[in-house]
Structure formats: structure tokens, C-alpha cells
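Engineer: Take this sequence and fold it.
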Amino acid sequence: MGNLSAPLDLQVAPGDTTRLFIAEKPGRIVILKNGALNPAPFLDISSRVSNGSEQGLLGLAFHPQYATNHRFYVDYTDGSGGGQIAFGPDGYLYIALGDGGGGGDTYRNGQNLGSLLAKILRLNIDSGSPYSIPLDNPFVGRAGARDETWDYGLRNPWRFCFDRSNGDLYIADVGQDAWEELDYEAHGAGGKNYGWNIMEGLHCFGSVTCNRTGLTLPVAEYSHLDGCSVTGGYVYRGTEIPELDGVYFYGDYCTGIIRSFRIDQGQATNQTDWTSALRTQSGGQMQGLSSFGQDARGELYILLLSGEVYRIARK
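Structural biologist: Here you go, the predicted model:
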């Protein structure tokens with residue numbers, strides 16, 4: 001379907017099997033039900049949102065108890081940056097933040113545990129004002145570190161997801177000069193340093209050699225010969241295509257390539273290219289692939305910045 005204004009995120013409310021909530025870059029959330037858009041938006045904060053370049057309404061997350069407390073959260077830029085938000089299987093809110101801009105991590109946030117940038121944060125939003133720190137966050141009490149930090153060393157984590165089956169975490173981290181990377185983290189295994197700006201993908205950044213001690217390397221990567229900006233997706237847990245159960249899908253914003261892999265003992269296996277199989281209605285590749293979505297049944301969707309949404313389905 002089309003007629004959307006730069007869709008960047010697709011989410012479902014817990015327990016709601018009939019509606020899809022789509023966040024549009026200019027600042028609206030619209031509802032898709034039975035293949036049609038509701039005429040009135042679910043939320044419109046366009047007046048608050050800075051909508052230039054990589055800015056806008058970037059993410060949406062419903063509270064796990066949304067059916068009773070009616071609380072949801074949005075991530076948007078008002079001129080000071082932003083990323084993605086999602087509730088983990090532990091009920092805490094995870095927030096992905098880029099390194100703050102500039103070439104090569106200008107502000108040195110990637111390896112700086114005293115900064116909230118270039119991190120994934122983990123917050124308890126059900127206590128405190130506006131939140132409290134889970135006591136088992138990996139850097140709680142460490143001198144010079146921010147207690148909110150779950151993982152660090154990320155350049156621009158454009159889309160992360162939790163496998164709804166086992167809670168494992170997948171992170172797509174946008175590279176800079178040459179490499180895009182996909183990171184994997186077993187359920188609950190936070191405290192990882194994903195290497196930026198020491199490394200870009202599996203390669204030393206700005207140097208022939210580098211010290212990789214303590215770094216968690218990506219499970220997959222691709223070069224800028226194949227694309228320019230990775231878009232993270234989801235692990236398929238639907239029922240329409242059972243042979244894909246456990247397969248993680250991701251793509252590239254610029255070229256529209258779509259690829260996948262399975263995790264086996266912490267390693268990416270069965271790496272597959274779906275680009276020729278997954279096409280737009282006109283037969284083209286998925287250029288402008290801004291995000292993936294997952295509905296209540298575990299079926300996956302592809303969002304294009306041009307305003308189109310596609311569901312991955314068997315022919």
C-alpha cells in the first residue's frame with residue numbers, strides 16, 4: 001500500500017491483532033486497519049518535530065501493559081538528535097542513540113562511557129522521575145560511566161530488535177566510509193563494546209592495525225559496493241512461511257538489497273540474498289528502505305520512505 005508520508009516505523013500495540021501503527025517522519029502516527037488508513041491520525045506532533053535530513057519522528061514503542069495503562073513512547077528529533085526505542089523482554093525501555101555526528105566520531109562518544117551518545121540505553125520507566133536505573137545494568141557504579149548504558153561503541157544503530165522467541169538482540173549499525181555491520185547479542189548479555197570508532201565492521205577504522213581487545217565484532221557486514229546505509233529488521237516468527245522461522249532480515253536504504261541469516265551458536269549462518277525475490281509492485285528493488293515492521297502474528301513488513309509498505313509473503 002502507499003499514500004504514506006515517509007514512513008519510518010511500524011509497530012503493533014500489545015494484544016491488538018487488527019491494527020498497525022505507522023510512524024511518519026514529519027511527525028504523525030497513522031493507523032492501518034484491514035488494508036486502509038484511518039482518516040484521523042493516532043498522534044500528530046508535527047509542530048514539535050524537526051524534519052530535516054536524518055531527523056523526524058523516528059520510533060514508537062507501546063508499553064507492555066498498554067491495554068490497561070494506555071501508555072506509549074515516541075522518539076523524535078527536536079534539533080538535538082534521536083534514534084529508536086523498544087521495550088525488551090524484561091519490560092525495560094531500550095533507546096538507541098548515534099554518536100552525535102561528524103566524521104570519524106568527531107566528539108569521541110563511541111568509546112566514552114561518560115556520554116549517552118553512541119550507546120544503547122536501558123531504563124525503567126515504571127519508577128522514578130522520569131525514569132530509574134535497573135540495578136543490573138552493566139555499568140552501574142562504574143566510575144566515569146553513565147548508569148543508563150547497556151551497550152556502547154555504536155556509530156548509528158538504525159534499528160535494533162529483540163527476537164520475540166528468545167529475547168536475543170540484533171543491532172544494525174550504520175557505517176561511515178566503507179562498511180555496514182550487523183551485531184548479535186544473546187538475551188541479557190549487555191555490556192558489549194561494538195568497537196566504533198576503533199573499527200568499522202570487521203575492519204580497523206582509519207588505521208592499518210588496531211587493538212581489538214574487549215571488542216565484540218559483528219556477525220555480518222557488507223561493503224559500500226553493495227549499499228550505503230544498513231536498515232535493521234526482525235527475526236521472522238510468523239506462521240505463513242514456517243521454513244523462515246528464526247531467520248533475521250535486514251536491508252540497505254540506498255540500494256534496496258534485502259538479506260538474511262540465522263544465528264547458530266553466536267555465528268551468522270545460512271546467509272541469503274532476497275533482493276531478486278522481494279520486489280516492489282512495479283518490479284523494482286526496495287530503494288529507500290527506511291525500516292522493517294512486525295505485526296502481532298510475527299509477519300514482517302518493509303517500509304519505503306517513498307510512502308509504500310509491503311508485507312513479506314509467499315508467492
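Engineer: Compute the mean per-residue pLDDT across stretch 20-37, please.
Structural biologist: Model confidence over stretch 20-37, given as mean pLDDT, is 95.
Engineer: Then stretch 201-217?
Structural biologist: pLDDT averaged over stretch 201-217 equals 97, rounded to a whole number.
Engineer: What's the local residue count around the residue lying closest to Ile312 once chain neighbours are set aside?
Structural biologist: Closest residue to Ile312 apart from its sequence neighbours, by Cβ to Cβ, 6 or more residues apart in numbering: Leu300 at 4.6 Å. Glycine gets a C-beta too; all of them are placed from N, C-alpha and C. Burial measure for Leu300: 24 neighbouring residues, criterion other Cβ atoms under 10 Å.
Engineer: so Ala67, which of the three states?
Structural biologist: What DSSP: H, G, I helix; E, B strand; the rest coil gives for Ala67 is helix.
Engineer: was I right about it contacting Ala13?
Structural biologist: Yes: distance between Ala67 and Ala13: 7.4 Å, which falls inside the contact criterion (Cβ atoms under 8 Å).
Engineer: how much space between Asn109 and Asn197?
Structural biologist: Between Asn109 and Asn197 the computed distance is 9 Å (Cβ to Cβ, to the nearest Å).
Engineer: The two: which has the busier surroundings?
Structural biologist: Legend: neighbour count by other Cβ under 10 Å for Asn109 and Asn197, higher for Asn109 (26 against 21).
Engineer: and that one, backbone torsions?
Structural biologist: The main-chain torsion angles of Asn109 are listed as degrees, to the nearest 10 and equal phi -90, psi -20.
Engineer: That one: what's it in contact with?
Structural biologist: Contacts were defined as Cβ atoms under 8 Å, 6 or more residues apart in numbering; by that measure Asn109 touches Asp99, Gly100, Ser115, Leu117, Ala118.
Engineer: Could you do Tyr236 as well?
Structural biologist: By Cβ under 8 Å, 6+ apart, the residues touching Tyr236 are Leu244, Asp245, Gly246, Val247, Tyr248, Phe249, Gly298, Leu300, Ile312.
Engineer: Which pair of those residues spans the longest distance?
Structural biologist: Pairwise distances among the contacts of Tyr236 were taken by Cβ to Cβ; the largest, 14.5 Å, belongs to Gly246 and Ile312.
Engineer: higher neighbour count, these two?
Structural biologist: A side-by-side neighbour count of Gly246 and Ile312, using other Cβ under 10 Å, places Ile312 first with 21 against 15.
Engineer: Quick check: that one touching Tyr301?
Structural biologist: Yes: contact between Ile312 and Tyr301 holds when scored by Cβ under 8 Å: they sit 7.2 Å apart.
Engineer: Quick check: which element contains the residue nearest to Gly83 when sequence neighbours are not counted?
Structural biologist: Spatial nearest neighbour of Gly83, chain neighbours left out: Ala96 (4.1 Å); criterion: Cβ to Cβ, 6+ apart. Under the criterion of DSSP states H and E, Ala96 resides in strand 93-97.
Engineer: helices or strands up against that strand?
Structural biologist: Counting contacts by 3 or more Cβ pairs under 8 Å, 6 or more residues apart in numbering; DSSP states H and E, the secondary-structure elements packed against strand 93-97 are strand 83-87, strand 119-123, strand 157-162.
Engineer: any chance of those in a markdown table, with mean neighbour count too?
Structural biologist: A markdown table is the format used below for the helices and strands packed on strand 93-97 (neighbours: other Cβ atoms under 10 Å):
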| stretch | mean neighbour count |
| --- | --- |
| strand 83-87 | 22 |
| strand 119-123 | 24 |
| strand 157-162 | 24 |
